[in-house]
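Peer 1: mind folding the following:
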Amino acid sequence: MAEPMRYEEFTGQVQARAGLGSRQAAEAAVRATLETVAERVPDGLADHLAAQLPHEAAQPLRRAVAEHEASPHQRAEARVRGEPFDLPVFAGRVAWRAETSEQDALIRAAAVLDVLDAAVAPELMQKLESALPPDIRDVLPSGRARAPGDAAGQ
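Peer 2: Numbering: from 1, shown residues only. Sure thing, here's the model as predicted:
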């Protein structure tokens, strides 16, 4: 991996890939998607993702991890495995945080995850893929590259 991606480049690519009209909408998509991803994956993985991102993009990941650390008794399981939820919940959380529809939230999340794929080490994206359930994996670039009904995507 070459030089780390700058935040302006990260959000600019999200804006272009999702067809968003403003940088603010792209920033909201980044925050909403990465915070929701951080809730779904183990804290260690969220920390590793954050370490490879620009400071501003890493904040939603770090915020979710900090919330788990603030309530260790309630969140012990989530810290190790991630909070168990599926694609409809993922879409709903991203939509709520980004103040958009669930359909638009999935388009924006796919754009964020595309840019994330370009910004972090490939082995980290493989770990992210293995930490997510199959339906959320389909939002990842590797999941969308598979043909619908492909056995690898099941």
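Peer 1: and stretch 10-29, what's buried?
Peer 2: Residues of stretch 10-29 classed as buried by neighbour count (16 or more other C-beta atoms under 10 Å): 10-11, 13-15, 17-18, 20, 25-29. Yep, even glycine has a C-beta here, placed from its N, CA and C like the rest.
Peer 1: go on, stretch 84-97?
Peer 2: 87, 90, 91, 93, 94, 95, 97.
Peer 1: stretch 129-137 too?
Peer 2: For stretch 129-137, using 16+ other C-beta under 10 Å, the buried residues are 129, 131, 132, 136, 137.
Peer 1: go on, stretch 94-108?
Peer 2: Applying 16+ other C-beta under 10 Å to stretch 94-108 flags 94, 95, 97, 98, 100, 104, 105, 106, 107, 108 as buried.
Peer 1: could you point out the helix or strand that follows the helix or strand encompassing the second one?
Peer 2: To tie it back to what came earlier, the one meant is residue 95. Assigned by DSSP states H and E, residue 95 falls within helix 87-98. Downstream of helix 87-98, the next assigned helix or strand under DSSP H and E is helix 102-119.
Peer 1: next, the angle helix 87-98 makes with that following helix.
Peer 2: For helix 102-119 against helix 87-98, the angle by axes from the mean of the first three to the mean of the last three C-alpha atoms, to 10 degrees is 90 degrees.
Peer 1: what packs against helix 102-119?
Peer 2: Contacting helix 102-119 under the criterion 3 or more C-beta pairs under 8 Å, 6 or more residues apart in numbering; DSSP states H and E are the following elements: helix 7-18, helix 23-40, helix 87-98, helix 141-145.
Peer 1: that older thread, just name the closest of the buried residues of stretch 94-108 to residue 116, please.
Peer 2: Distance to residue 116, by C-beta to C-beta, is smallest for residue 108 among these, at 12.4 Å.
Peer 1: check what pLDDT that closest one gets.
Peer 2: On pLDDT, residue 108 comes in at 97.
Peer 1: for the spatially closest residue to it that is not a sequence neighbour, give its distance to residue 8.
Peer 2: Distances taken as C-beta to C-beta, 6 or more residues apart in numbering put residue 29 closest to residue 108, at 3.8 Å, once the chain neighbours are dropped. From residue 29 over to residue 8 the distance is 15 Å, taken as C-beta to C-beta, to the nearest Å.
Peer 1: try residue 49
Peer 2: For residue 49, the distance to residue 8 - C-beta to C-beta - is 19 Å.
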